[in-house]
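Asker: Dropping a prediction and its sequence here:
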Amino acid sequence: MSKLEISAFILNVLGVWLTSKQYRICWLINIVAVLLYAIIFYEVNLYADASLQVVFVLMQLYGWYSWSKKANQTQAVVDPSYIPQKVLIYSIVTGVVFGLILGSGFATWTQAELPWLDSMLASFSLVASYWAAKKYIETWSLWCVVDTLYVGMFIHKSLYVTALLYFIFIVLALNGWRMWRHHYQTQNRMASQI
């Protein structure tokens, strides 16, 4: 357990909590957090996840842009919604294909540990991040699945603080799921009364 891992832990918890509360500042906090984890994962030969953290910076910028662009003067945040079926299918297929490509590359050309699992988790983390930027409620259920698998991988790699972080992510994701669904239901009730 290093100071770097503890700092990344704290910023990640804060970032996910702010995301669930729908505060746009979450994206900036998340940028710093993922950059710290890029260093950590590189140091333990989880190259797909180290690379993922760099891509996450771009995803965080996209999330900030997406939430800011859609918000108007009377509405502080974009309302969450359910994912269209076409987007769901496309996202899952893209996640699997990208995970296989990444896994193949890391298994062939690097000394990566757990290249296939690491790559699939990295790929579906990108899918979940895209869904979060679009404010699809299902982002939280996907994060629950991905984070559960991450807990096992990080325990295997003796990254116990990070495993604890991802366990906390599961709890925060369940809360985010509850909050976004409630927000969606409230907005629909209000819209039907107009």
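Answerer: It's in. Residues are numbered from 1 along each chain as shown.
Asker: tell me which helix or strand of the protein sits lowest on mean pLDDT?
Answerer: Taking mean pLDDT, DSSP states H and E as the measure, the chain has helix 47-70 as its least confident helix or strand, at a mean of 84.
Asker: Give me the contact list for stretch 181-194.
Answerer: Among residues not part of stretch 181-194, those counted as contacts by CB atoms under 8 Å, 6 or more residues apart in numbering are Gln22, Asp79, Pro80, Ser81, Tyr82, Ile137. (C-beta placed from N, C-alpha, C; glycine too.)
Asker: Distance check, the third one against Ser91.
Answerer: In other words, Pro80. The span separating Pro80 from Ser91 equals 16 Å under the rule CB to CB, to the nearest Å.
Asker: From the centroid of the chain, which residue is nearest?
Answerer: The chain has Ser129 as the residue nearest its centroid, 4.5 Å off, counting by CA atoms, centre = their mean.
Asker: Might you report the residue contacts of that one?
Answerer: So Ser129 contacts Phe56, Met59, Gln60, Gly63, Thr139 (CB under 8 Å, 6+ apart).
Asker: What is the nearest of those to Thr148?
Answerer: Each of those was checked against Thr148 using CB to CB; the closest is Thr139, at 15.0 Å.
Asker: That closest one: neighbouring residues, count only.
Answerer: Counted with other CB atoms under 10 Å, the neighbours of Thr139 add up to 24.
Asker: Test my guess that it contacts Ser125.
Answerer: No. With contact defined as CB atoms under 8 Å, Thr139 does not reach Ser125; the gap is 10.8 Å.
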